[in-house]
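[1] No letters, just coordinates:
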């Protein structure tokens, strides 16, 4: 498993849902797995085995059909060498350091073997017995006033953190402006428009011209938009001419 | 707005749901806002105004009660100076660069003003008209086979990325081992146990002793666990003595 390669990481992750009561949550968890390329879903003692019919799993269906049901957590994680528990908010867990998701998943991303990520029941979370199987614990950094997340959303956020790419760079389309000649045409036509509309007057025209030039540059008009803007200004000036004639 | 301060960022974010059809999705989006400390939810033309009764919004209720409904996107974002659209997977959008979530949210975190994050309808996403209001577009890095996320899960993942703390460090409880004397007691008692059980024999005992010492150190037995381990070994050796006597 290597960091920053989504597929590699995703194929080494097993999501284990323990004592899940609501089939819809199983469905939405399955969809989150599918969204982030994780295929291995295991269920320990789910409340309703009718989960395969869960309707909210648009796109999650193959994951759900391949999901395996176990009666104990020990069996479910038999082939996993790193076991990570998840917990909501501020729950204190004796003897286990609880790490923020960002930090805890760094461990998972760097791990070279099968990792199980455990999610407890909607109501109670992981039991103390479940916790005893965990090598580390992760908490999603929710606010203290509303710490508890919906199960499907918690799974989505955790898996997103697993596959996120810290190196992803903003796409700043490099700015390509119009040539100086065009910029100057825009500047002078804009000045003329403002003058003839009565927005400015000729007395302050020198300083206005400089202001106008700075403003046109600050707008960072793109090379593509420049002819459009010129056309608009030309049309306004034509309209002024027509008004003068009549 | 400053980077890495959850509260500050969260209070400057407005989530706008456009043409949402399923009240349950409005509910789960509201819950995600509440989980990550975002309070401002706005709805444009929601399909069912019965959304206030949405049941899945455990904890999201205050956000939902304060949510405002608008009939147009223009009205909904009137006080927002940065508008970010979200899109699923690989959809190509002419004239708009689409950034991965990690990169696009960097822009949001660094922005000093109210930011609107737009989510389109479950079925069609954002319309071309919606897109024309956007300064930038974000895609959640889902896999091409299953690009489309559940709305509530998409909101949760986007808001998590907003408030995540890149500086969060793993809690590596600094290793505190037993004193050398105790480590050596463990080593010799373990060697004696292996010898007396027949696991090793005295002929190779020198090399075994070194192996044993290395192994005991490699196990990184904690200071707390050392007395436990010594007690267990002492008990086993006592049992061997008893067996010899009888």
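    Thanks, I have the structure now. This is a predicted model, so every value here is computed, not measured. Numbering: from 1, shown residues only, chains lettered A, B, ... in the order given.
[2] in stretch A:108-118, what's buried?
    Using 16 or more other Cβ atoms under 10 Å in any protein chain shown as the test for burial, stretch A:108-118 gives A:108, A:109, A:111, A:114, A:115, A:116, A:117, A:118. The way it works is simple: take the backbone N, C-alpha and C, and place the C-beta from them, glycine included.
[3] quick one: low-confidence ranges for chain A?
    A:1-7, A:48-59, A:89-95, A:171-174, A:202-206 (pLDDT under 70).
[4] Okay, domains of it per the record?
    Chain A breaks down into these domains under automatic domain parsing: A:6-163, A:180-245.
[5] Need these in CSV (columns: distance to residue B:29).
    As requested, these are exported to CSV (distance: least, Cβ to Cβ, whole Å):
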stretch, distance to residue B:29
domain A:6-163, 10
domain A:180-245, 35
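[6] Now do the contacts for the closest residue to residue A:18 other than its chain neighbours.
    Closest residue to residue A:18 apart from its sequence neighbours, by Cβ to Cβ, 6 or more residues apart in numbering or on different chains: residue A:44 at 4.5 Å. With Cβ atoms under 8 Å, 6 or more residues apart in numbering or on different chains as the criterion, the residues that contact residue A:44 are A:16, A:17, A:18, A:19, A:69, A:70, A:71, A:72, A:73, A:76.
[7] residues near the first one, how many?
    One way to gauge burial is a neighbour count; for residue A:16, by other Cβ atoms under 10 Å in any protein chain shown, it gives 25.
[8] for it, helix, strand, or coil?
    Of the three states, residue A:16 takes strand under DSSP: H, G, I helix; E, B strand; the rest coil.
[9] list the contacts for it?
    By Cβ under 8 Å, 6+ apart, residue A:16 lies in contact with A:42, A:43, A:44, A:73, A:76, A:77, A:116, A:117, A:118, A:119.
[10] Tell me what it is bridged to.
    Judged by DSSP bridges, the bridge partners of residue A:16 are residue A:42, residue A:118.
[11] Roughly how far does it sit from residue A:34?
    Look at residue A:16 and residue A:34: by Cβ to Cβ, to the nearest Å, they are 17 Å apart.
[12] so how far is chain B from the residue positioned nearest the centre of chain A?
    Per Cα atoms, centre = their mean, the C-alpha nearest to the average position across chain A is that of residue A:160, at 7.8 Å. Distance of residue A:160 to chain B, computed by Cβ to the nearest Cβ, to the nearest Å: 5 Å.
[13] Residue A:239 now?
    From residue A:239 over to chain B (counting by Cβ to the nearest Cβ), the distance is 26 Å.
[14] Give me the three-state assignment for that residue.
    Applying three-state DSSP: residue A:239 is helix.
[15] count of residues packed around it?
    For residue A:239, using other Cβ under 10 Å, the count is 11.
[16] and stretch A:79-92, how far out from the chain's middle?
    22 Å (Cα atoms, centre = their mean, to the nearest Å).
[17] who touches residue A:137 in this structure?
    Neighbours of residue A:137 in contact, by Cβ under 8 Å, 6+ apart: A:84, A:85, A:86, A:87, A:93, A:96, A:97, A:98, A:99, A:104, A:131.
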